[in-house]
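> Sharing a model prediction with you, sequence too.
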Amino acid sequence: MPWRAWVGMLAAGLLMPQPARKQVSLIVTNGTVVTMDAASRVIAAGAIAIDGRDIAAVGTAEAIAAAFSAPETIDAAGQIVLPGLINTHTHAPMVLYRGLADDLALMEWLQKYIFPAEARTVTADFVRAGTRLAALEMIQSGTTTYADMYYFEEVIAAATRDAGLRGVLGQTIIQFPVPDAKTPADGLARATAFVKQFAGDPLITPAFAPHAMYTLDTAMLKSIKAAADREGAPLIIHLAETRDEIAISRKQHNATPVQYLEAIGFWNPGSGAANSAFASGSGGTRRTLAAHAVHVSPADIRILAQRGVGVSHNPESNMKLASGTAPVVAMRTAKVQVGLGTDGAASNNDLDMFEAMRQAALLHKLQSGDPRVLPARTVLEMATIEGARALGLDRTIGSLEPGKRADAILVSMASARQTPLYDPISHLVYVTRGDDVKTTIVNGKVLMRDRNVLTLDEPAVLAEARRQAATVRAAVGK
């Protein structure tokens, strides 16, 4: 080599030893990365490095390539990379009742159709088939974590874990006989055993799920709360979903549902941000998630905020059942953590969180008369980091940050509907649908790549769901 060339390369640093790149398990690169972190970073040509279950780094594609290498790389060109969506309220197996009874008020829908159908058809096999179908739908539409309330929850947990999804799963306890428990005491015993069985699971957070204040008596609600305290487990409950529930509570207890539950000590412990996460369970602490909270007063909202209760807002189900519009803006102003949920597919009728985002944004603009209410970024927060806060899991999921679990999705921007693209966050809320999701990653594991689900046998899942649907038809005369 001529000496002048050698000197030139030395001066340029080309002959200097290059720092070794750290080996990680997976790199996702060349996408628009929407981090949902505290700085609200959007990285136009971004990448994330994933090391096992965790995010090792988030930055520009150039910086990640310089610092990391991996045996597997996903090219996200033309796609948005964002945290996996968090569905804070559903009933997974009820996908098998999708379209069974529509255009009805909640109490009529429950008492005349859903409760009788469940009594005739719900078995462990039914629940397994429904959960697998729901998991397939969620993976395909970008949900990576979901909160559930149903029966045979240990079967739901096993199917959820097998599919690779993350779940905060509550064993339902209710006053009347149901397929997995003849009495509420039986239901509580099942819930306690379920919580013990899945304690410490890397994907499953087990919970107690009292159905509602109007389907359980005071003694049982107190017993469930005490069990949750002993086990350090979360509580999930339907709350103030309809005007009928408010009327029942006022007649029986001379109080709103929130005030009644406060009076019996159900919301304790909890003091806002001091209330520890679902996942920690340390020192007997636990968090409560209230689904719906449609008919809550300013006084109710103050209680929810004081007690650190997370709320799941379910706009599509609430609209379809004409239950009302939850005061989401007032709750968020009071610092109540409000996530988004789909509710079960029997009353929605899908599990697409992109639909939930769009409907939440539009509903509150219409209801308030103010188009500035719940802008796209706020709604996306509710489906990601604020949903994680509502579940008490924001230290581990909800944003793309080093040290958090590697739960991420890749959304294609290639279709006519997605063109042109000016604002990625606006597109995610107002344009995107679940079938725009191309890749789903949970805990660092790729569950779907290029629309090919890797953890479930899709034809087998659909075939079994159709077999179960035939059983439902026979049972209810459809």
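Everything's here; your move.
> ok, the residue nearest to residue 404 when sequence neighbours are not counted - contacts?
Distances taken as C-beta to C-beta, 6 or more residues apart in numbering put residue 55 closest to residue 404, at 5.4 Å, once the chain neighbours are dropped. For every residue, glycine as well, the C-beta is placed using N, CA and C. By C-beta atoms under 8 Å, 6 or more residues apart in numbering, residue 55 lies in contact with 48, 49, 400, 401, 402, 403, 404, 405, 406.
> you'd agree residue 408 is up against residue 49?
No. Under the criterion of C-beta atoms under 8 Å, residue 408 is not in contact with residue 49, lying 11.6 Å apart.
> what comes up buried for stretch 21-29?
Within stretch 21-29, the residues that count as buried by 16 or more other C-beta atoms under 10 Å are 24, 25, 26, 27, 28, 29.
> got a pLDDT number for the residue nearest to residue 404?
We have a pLDDT of 98 for residue 55.
> Specify the local secondary structure of it.
Here residue 55 is recorded as strand under DSSP: H, G, I helix; E, B strand; the rest coil.
> I'd like to know how far it sits from residue 219.
46 Å (C-beta to C-beta, to the nearest Å).
> which residues in the stretch 251-400 of the chain form strands?
For the stretch 251-400 of the chain, the strands defined by DSSP state E, counting those that start in this stretch cover 288-292, 310-313, 338-340.
> Pick the most buried one from the ones you listed.
strand 310-313 (a mean of 30; mean count of other C-beta atoms under 10 Å).
> pLDDT on that one, on average?
pLDDT averaged over strand 310-313 gives 98.
> Partner strands of it and their direction?
Applying DSSP bridges to the sheet, strand 310-313 is found paired with strand 288-292 (parallel), strand 338-340 (parallel).
> List the residue ranges of this structure that fall below the pLDDT cut-off.
Residues of the chain meeting the criterion pLDDT under 70: 1-18, 269-286, 478.
> Show me the domain layout of it.
19-83+400-453, 85-391 (automatic domain parsing).
> and residue 322, what is it in contact with?
Here residue 322 is in contact with residue 105 (criterion: C-beta under 8 Å, 6+ apart).
> The one 5 residues further on now?
Going by C-beta under 8 Å, 6+ apart, residue 327 touches 296, 301.
> Kindly report the same for residue 68.
Residue 68 touches 21, 22, 23, 24, 27, 49, 56, 57, counting by C-beta under 8 Å, 6+ apart.
> go again using 6 Å as the cut-off
21, 22, 24, 49 (C-beta atoms under 6 Å, 6 or more residues apart in numbering).
> of all those residues, which comes closest to residue 197?
residue 24 (32.8 Å; C-beta to C-beta).
> Relative to residue 261, how far out is the closest one?
Using C-beta to C-beta, which is the criterion applied here, residue 24 is 46 Å from residue 261.
> what does residue 432 give?
Relative to residue 261, and taking C-beta to C-beta, residue 432 is found at 37 Å.
> out of those two, which sits in the busier spot?
Applying other C-beta atoms under 10 Å to residue 432 and residue 261 shows that residue 261 carries more neighbours, namely 29 against 26.
> and the contacts of residue 55, which two are the farthest apart?
49 and 405 (13.9 Å).
> Any idea which residue is closest to the centre of this protein?
The structure's the chain has its C-alpha centroid closest to residue 87; by C-alpha atoms, centre = their mean the separation is 2.3 Å.
> part of a strand, is that residue?
Yes. Looking at residue 87 with three-state DSSP, it is inside a strand.
> Please name the nearest non-neighbouring residue to it.
residue 146 (4.1 Å).
> helix or strand right after the helix or strand containing the one you found?
Using DSSP states H and E, residue 146 falls within strand 143-150. Once the chain leaves strand 143-150, the next helix or strand it forms, by DSSP H and E, is helix 153-163.
> where along the stretch 151-300 of the chain do the helices fall?
153-163, 184-198, 218-231, 243-253, 257-263, 298-306 (DSSP state H, counting those that start in this stretch).
> For these, could you give me TSV that also reports distance to residue 83?
Below are the helices of the stretch 151-300 of the chain laid out as TSV (distance: least, C-beta to C-beta, whole Å):
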stretch	distance to residue 83
helix 153-163	19
helix 184-198	24
helix 218-231	28
helix 243-253	33
helix 257-263	30
helix 298-306	25
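> Of these, which is nearest residue 325?
helix 243-253 (12.3 Å).
> Could you list every helix and strand in contact with that closest one?
Packing partners of helix 243-253 (3 or more C-beta pairs under 6 Å, 6 or more residues apart in numbering; DSSP states H and E): helix 257-263.
> what comes up buried for the helix it packs on?
Buried, per 16+ other C-beta under 10 Å, within helix 257-263: 257, 258, 259, 260, 261, 262.
> between those residues, which is closest to residue 321?
Out of the buried residues of helix 257-263, the member with the shortest distance to residue 321 (by C-beta to C-beta) is residue 257, at 17.1 Å.
> Next, the contact list for that closest one, please.
So residue 257 contacts 213, 239, 240, 249 (C-beta under 6 Å, 6+ apart).
> at 10 Å what do you get?
212-214, 237-241, 245-246, 248-250, 266, 290, 293, 295-296, 300 (C-beta atoms under 10 Å, 6 or more residues apart in numbering).
> Make CSV from the strands paired with strand 310-313 and add distance to residue 125 to it.
Putting the strands paired with strand 310-313 into CSV (distance: least, C-beta to C-beta, whole Å) gives the following:
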stretch, distance to residue 125
strand 288-292, 26
strand 338-340, 31
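> quick one, which of the ones you listed is nearest to residue 38?
strand 338-340 (17.7 Å).
> Show me how far that closest one is from its chain's centre.
Computed by C-alpha atoms, centre = their mean, to the nearest Å, the chain-centroid distance of strand 338-340 equals 9 Å.
> Could you find the closest non-adjacent residue to residue 29?
residue 47 (3.8 Å).
> Where does that neighbour sit, in terms of helix or strand?
strand 42-51.
> which parts of that strand are buried?
For strand 42-51, by 16+ other C-beta under 10 Å, it's 42, 43, 46, 47, 48, 49, 50, 51.
> now do stretch 97-116
97, 98, 100, 101, 104, 106, 107, 109, 110, 113, 114.
> Next: stretch 72-81.
Those would be 74, 76, 79, 80, 81, for stretch 72-81 by 16+ other C-beta under 10 Å.
> Also stretch 117-137?
117-118, 121-122, 126-137.
> Check stretch 440-455 too.
440, 441, 442, 443, 444, 445, 446, 447, 448, 453, 455.
> For the fourth one, give its distance to residue 236.
In other words, residue 443. From residue 443 to residue 236 the distance is 22 Å (C-beta to C-beta).
> got it, and the fifth one?
If you measure residue 444 against residue 236 using C-beta to C-beta, the figure is 27 Å.
> How about the last one?
According to C-beta to C-beta, residue 455 stands 25 Å off from residue 236.
> try the second one
If you measure residue 441 against residue 236 using C-beta to C-beta, the figure is 26 Å.
> ok, now the third one?
Separation of residue 442 from residue 236 (C-beta to C-beta): 21 Å.
> And for residue 136?
The gap separating residue 136 from residue 236 is 23 Å, by C-beta to C-beta.
> next one: residue 227
13 Å.
> Could you pull up the contacting residues of the residue lying closest to residue 209 once chain neighbours are set aside?
Excluding the flanking residues, the one nearest residue 209 by C-beta to C-beta, 6+ apart is residue 170, at 2.8 Å. Counting by C-beta under 10 Å, 6+ apart, residue 170 makes contact with 147-150, 153, 156, 191, 194-195, 205-211, 233-237, 289, 291.
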